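missing the sequence, but the structure's below:
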């Protein structure tokens, strides 16, 4: 599989500019005090589709030649990438098909449907997802856009760090969540090219810590049974993703689900942002090793905000006292 | 009471610039489609202290001469203004005292305390609040900063519209919530000076509709028994506030609590922002009269986001499936 470079990230930035949002960077002095560091939160939960995934999907869709594009695109996704691909296809006026495993969050499925994609349900296993995709690909001539291994997707995800660095200037460290590794690999390429002094730190759920084990051992760990509330980070690290990350100066910090819940509360209390558990891993990582980040300028990418609305009770009770 | 002018708003913008945030403006095409209008949301829930109130309080605190300032400042507030004044006083290193009526939201009281202000509890009546203030004023030589009648506060609140107009350019209408009328009056002064073609629309809870009745009758209605979930909008319209608004081309749209709850859900679903009920009145107002706003460029000021964390159940359940 072709490995993207920094030029691909610059191309992606230009390609997605008419469609993607330049998301805000938020700060909060109370959170800084709590961590003893200067924290800059890149708010990708405010990206179109509610997650950074739109960057990669949009880049992939608009990079297709017109003939390929006309047939439509396809992916399997438990959520954010599916919605992102659906929105990206909508922006180009081409069909999108999404294979969704049973058990995906309703908020994420809603997004896919509202963007006009065709939904195909399957059993919640990787084999079922891939089988569903293979069938649709051969039947309809669709182009598969892999959620994190596609080079155009990796390049698109690298634009988030590019924007953040342009906005805040130099950073000592940049913390991003890692699941399949699309955002992690794209960020690594951006940092290597324009901010080599900035340490890349990956935040990973302890219950799905294959990236940590892979980077520690030097071999891509493929056996995993993810057990975490971070539904966006249950995928194992991809092949090109591992290849890009193993060559970098990359650290992984693993965090457990209770730390993630606590970080979600802090992000709400101080930053006024409700994010999905996957996003909160980055703050949980910084809080777990305060001495490591003390006095540093730290960027954190909040990756997505697609929490199920109905698991939030505020409409029933808040303000009613 | 002195009436502020547009020059005071420009002065306020310069005075608060080192302390206040330039808040982001968010848009979402799905909300636009729903309303048939182009909506630009000025996110004052992301202002320091979680509400636009910091603008006015900060302007008032930094406008004091050094001798006055050294004694400290005082206000009565059920929440956002108290927290804003506490933060503003902290920014100048002077004492702040806040008289808080029983029944105020815990999230708002927490904010006041975290900013280091001295809290004084009182009965939840205007008389008790004013009595508490009068006693503290005479005992401690504090300067009272009224939540919405103080001219410096009104001028400070006018800077939110100034920023929004600078960012988005021309608007056909600007919708802001109205309670005591600090934001409404400040916005009216800004629009009159730099965007006279832009219609000012006030969103008011039907259960606290004294501004609507005051502007309709030409006389300030002072008898009111507010009954609404919009805890930030229960105050009656102030004297200078009414005076400024009655001379303008100002409309009021009243909305009921169910519409407000529905608007909160929509803001969460589409804009990923959890706002307090008072903030959601602006979207509820636009949704209640779609033909009025059809095809227009509309600004909406989301006034605050201090919802009680514990009335939001997401930490217990979200992501747990």
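Perfect, I can see it now. On a predicted model such as this, the values are computed, not experimentally measured, just so you know.

from here on, just use CA atoms for contacts and neighbour counts.
Will do.

so residue A:32: helix, strand or coil?
helix (DSSP: H, G, I helix; E, B strand; the rest coil).

thought residue A:141 was touching residue A:71?
Yes. Contact criterion CA atoms under 8 Å: residue A:141 and residue A:71 qualify, at 6.2 Å.

confirm residue A:41 sits in a helix?
No. Read with three-state DSSP, residue A:41 is strand and lies in no helix.

how deep is it tucked in, by neighbour count?
When neighbours are defined as other CA atoms under 10 Å in any protein chain shown, residue A:41 has 23 of them.

quick check: bridge partners of it?
Per DSSP bridges, the residues bridged to residue A:41 are residue A:26, residue A:300.

list of residues touching stretch A:195-202?
For stretch A:195-202, the external contacting residues (CA atoms under 8 Å, 6 or more residues apart in numbering or on different chains) are A:170-178, A:184, A:187-188, A:191, A:249-253, A:282.

return the distance of it from the chain's centre.
Its chain's C-alpha centre and that of stretch A:195-202 lie 17 Å apart, by CA atoms, centre = their mean, to the nearest Å.

okay, how far is it across that stretch, tip to tip?
End-to-end distance for stretch A:195-202, by CA to CA, to the nearest Å: 16 Å.

by mean pLDDT, flag the weakest helix or strand of chain A.
Within chain A, judged by mean pLDDT, DSSP states H and E, the helix or strand with the poorest mean is helix A:314-317; its value is a mean of 35.

how about the residues of the stretch 101-250 of chain A that lie near chain B?
A:103, A:105, A:229, A:230, A:231 (CA under 8 Å from any CA of the partner chain).

quickly find the element holding the third one.
For residue A:229, there is no enclosing helix or strand under DSSP states H and E.

buried residues in stretch A:178-187?
Within stretch A:178-187, the residues that count as buried by 16 or more other CA atoms under 10 Å in any protein chain shown are A:178, A:179, A:180, A:181, A:182, A:183, A:184, A:185, A:186, A:187.

distance to residue B:5 and pLDDT for the residues you listed - can I get that in a markdown table?
Below are the buried residues of stretch A:178-187 laid out as a markdown table (distance: CA to CA, whole Å; pLDDT from 0 to 100):
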| residue | distance to residue B:5 | pLDDT |
| --- | --- | --- |
| A:178 | 53 | 98 |
| A:179 | 55 | 95 |
| A:180 | 57 | 95 |
| A:181 | 55 | 97 |
| A:182 | 53 | 97 |
| A:183 | 50 | 98 |
| A:184 | 52 | 98 |
| A:185 | 54 | 98 |
| A:186 | 51 | 98 |
| A:187 | 49 | 98 |
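
from those, which ones fall inside helices?
Within these, residues falling in helices by DSSP state H are A:182, A:183, A:184, A:185, A:186, A:187.

helix, strand, or coil at residue A:82?
Following three-state DSSP, the label given to residue A:82 is helix.

what's the local residue count around residue A:102?
Residue A:102: 13 neighbours (other CA under 10 Å).

now do the contacts for it.
By CA under 8 Å, 6+ apart, the contact set of residue A:102 is A:121, A:122, A:123, A:124.

my read: the last one touches residue A:99, true?
In other words, residue A:124. No. Applying CA under 8 Å, one finds residue A:124 not in contact with residue A:99, separated by 10.3 Å.

so which of these two has more stuff around it?
Set side by side, residue A:124 and residue A:99 show more neighbours around residue A:99, with 25 against 14, by other CA under 10 Å.

where does the more buried one fall, secondary structure wise?
Per DSSP H and E: residue A:99 is located in strand A:96-101.

how far out from the middle of the chain is that strand?
Offset of strand A:96-101 from its chain centre (CA atoms, centre = their mean): 18 Å.

can you check stretch A:277-293 too?
That offset, for stretch A:277-293, works out to 16 Å (CA atoms, centre = their mean).

ok, residue A:7 - contacts?
No residues are in contact with residue A:7 under the rule CA under 8 Å, 6+ apart.

what average pLDDT does whatever helix or strand it lives in get?
Residue A:7 is part of helix A:6-16, with elements assigned from DSSP H and E. When pLDDT is averaged over helix A:6-16, the result is 97.

run the chain-centre distance for it.
From the chain centre to the centre of helix A:6-16 is a distance of 17 Å (CA atoms, centre = their mean).

where do the strands sit along the stretch 1-150 of chain A?
Using DSSP state E, counting those that start in this stretch, the strands of the stretch 1-150 of chain A run over A:25-26, A:38-43, A:73-76, A:96-101, A:118-122, A:143-144.

whoops, the stretch 151-300 of chain A was the one
Counting by DSSP E, counting those that start in this stretch, the stretch 151-300 of chain A has strands at residues A:173-177, A:199-205, A:250-255, A:297-302.

the shortest one vs strand A:38-43, what angle?
Put plainly, it is strand A:173-177. Between strand A:173-177 and strand A:38-43, the angle comes out at 40 degrees (axes from the mean of the first three to the mean of the last three CA atoms, to 10 degrees).

what is strand A:173-177 packed up against?
Here strand A:173-177 touches helix A:182-194, strand A:199-205, helix A:277-288, strand A:297-302, going by 3 or more CA pairs under 8 Å, 6 or more residues apart in numbering or on different chains; DSSP states H and E.

right, and residue A:117 touches residue A:91 too?
No. With contacts counted by CA under 8 Å, residue A:117 stays clear of residue A:91, the gap being 11.9 Å.

angle of the top helix by length along chain A against strand A:173-177?
Counting residues, the longest helix found in chain A (DSSP H) is helix A:151-168. For helix A:151-168 against strand A:173-177, the angle by the same axes, to 10 degrees is 140 degrees.

tell me which residues in helix A:151-168 are buried?
Of the residues in helix A:151-168, A:151-165 count as buried by neighbour count, 16+ other CA under 10 Å.

and which of those is nearest to residue B:130?
Proximity to residue B:130 was ranked across the buried residues of helix A:151-168 by CA to CA; first place goes to residue A:164, at 47.5 Å.

tell me the spacing between the nearest residue to residue A:193 once chain neighbours are set aside and residue B:297.
Excluding the flanking residues, the one nearest residue A:193 by CA to CA, 6 or more residues apart in numbering or on different chains is residue A:6, at 6.5 Å. Separation of residue A:6 from residue B:297 (CA to CA) stands at 39 Å.
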